[in-house]
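Visitor: Got a predicted structure plus its sequence, pasted below:
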Amino acid sequence: MPPHPPPLPATSARYAAPGWLARALHHRSFALGAVLVALLLACAALSLVWTPWSPYAMDLPAKLQAPSAQHWLGTDAFGRDVASLLLVGARNSLVVGAIAVGIGLSVGTVLGLWAAAQRGWVEEITMRLCDFTFAFPAILSAIMLTAVWGAGIGNAIIAIGIFNIPTFARVTRASANAVWARDFILAARACGKGRLRTTLEHVLPNIAPVLIVQATVQFAIAILAEAALSYLGLGTQPPAPSWGRMLSEAQTLMFQAPLLAVWPGVAIALAVLGLNLLGDGLRDLLDPRLSRQR
């Protein structure tokens, strides 16, 4: 009888497990990031149906209370329940991040694909416009929009979205240019496929993993930008809860109630950390070259 083949090493057996999910569960960054992001989504979803107290109800005699069985994370300077504010603030941060990243992803991807397909002066003009947009970061754009239309969450979303457009355009254009140089693109062109059909059928599917990873990174940046704008009074307006405005309100009470600044700070840090870890894990899992090197 022929001898049995030697058993695979532990590292090889791990990556020989069938399915993408099996590899994902063994990736520490992805697993930890997925848990943190799932916790953020769960908090936002829970705030839609239940909060310990109304985030808008003020109880001045109960202001600045320490954490207790009645108020799990204490109360703020207006007697509002901090846990309820954090839950609703998570929902607002996700809404702002999702819409802003959606704007940047949709517009930036179209511009990047167009520039890579047309090349020449189209690519040059598109990239120079992106360079011009980079000169106006999200906070500065929000200040300009606020001066014209007034402060509000809508202007903050537009500002962050505009800031995301050139980032996605550059990433899309660079990734698409690499795909356009591949042999299977030349074969598709030889079969008579036009630039639009080639882009939709071959280029876009091949750069989708890169765009997914970039979206998670930009989502984290959008949450930070929303918190910064709300801290400056340019983002989410009262009485809607916001992590950034909670930090702004807590800065004058650092010696009286330091925990008021700790809770929203920890929430922002965990949300950004989770999205960054998730993006790092997706980058490894969706790139077969990196998977083989691990």
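Guide: Perfect, thanks for sending it. Residues are numbered from 1 along each chain as shown.
Visitor: ok, now which ones touch the residue nearest the centre of the chain?
Guide: Nearest to the geometric centre of the chain sits Phe219, at 1.2 Å (Cα atoms, centre = their mean). Taking Cβ atoms under 8 Å, 6 or more residues apart in numbering as the criterion, Phe219 is in contact with Gly97, Ala98, Val101, Leu275. To be clear about C-beta, it is placed using only N, CA and C from the backbone, and glycine gets the same treatment.
Visitor: now Leu129, what's its secondary structure?
Guide: Here Leu129 is recorded as helix under DSSP: H, G, I helix; E, B strand; the rest coil.
Visitor: quick one: low-confidence ranges for this protein?
Guide: 1-20, 288-294 (pLDDT under 70).
Visitor: And the lengthiest helix in it, what's buried?
Guide: Longest helix of the chain, by residue count under DSSP state H: helix 82-118. Across helix 82-118, burial judged by 16 or more other Cβ atoms under 10 Å covers 82-94, 96-97, 99-101, 103-105, 107-109, 111-117.
Visitor: What is it packed up against?
Guide: Counting contacts by 3 or more Cβ pairs under 8 Å, 6 or more residues apart in numbering; DSSP states H and E, helix 82-118 packs against helix 28-49, helix 120-134, helix 153-180, helix 195-198, helix 204-231, helix 243-250, helix 259-286.
Visitor: how far off helix 204-231 does it point, in degrees?
Guide: Taking axes from the mean of the first three to the mean of the last three Cα atoms, to 10 degrees, helix 82-118 and helix 204-231 form an angle of 140 degrees between their directions.
Visitor: from the chain's centre, how far out does helix 82-118 sit?
Guide: Here helix 82-118 is found 7 Å from its chain centre; the criterion is Cα atoms, centre = their mean, to the nearest Å.
Visitor: looking at the helices and strands packed on helix 82-118, which is closest to Ala142?
Guide: Shortest distance between Ala142 and these, using Cβ to Cβ, is found for helix 153-180: 3.9 Å.
Visitor: what angle do the closest one and helix 82-118 make?
Guide: 40 degrees.
Visitor: Run through the neighbouring helices and strands of helix 153-180.
Guide: Going by 3+ Cβ pairs under 8 Å, 6+ apart, helix 153-180 lies up against helix 82-118, helix 120-134, helix 138-149, helix 204-231.
Visitor: Tell me which residues touch the residue lying closest to Val96 once chain neighbours are set aside, please.
Guide: In space, Val96 comes closest to Glu226 once its chain neighbours are excluded; the distance is 4.4 Å by Cβ to Cβ, 6 or more residues apart in numbering. Contact analysis of Glu226 by Cβ under 8 Å, 6+ apart lists Asn92, Ser93, Val96, Gly97, Ala100, Ala156, Ile160, Gly235, Thr236, Ser242, Gly244.
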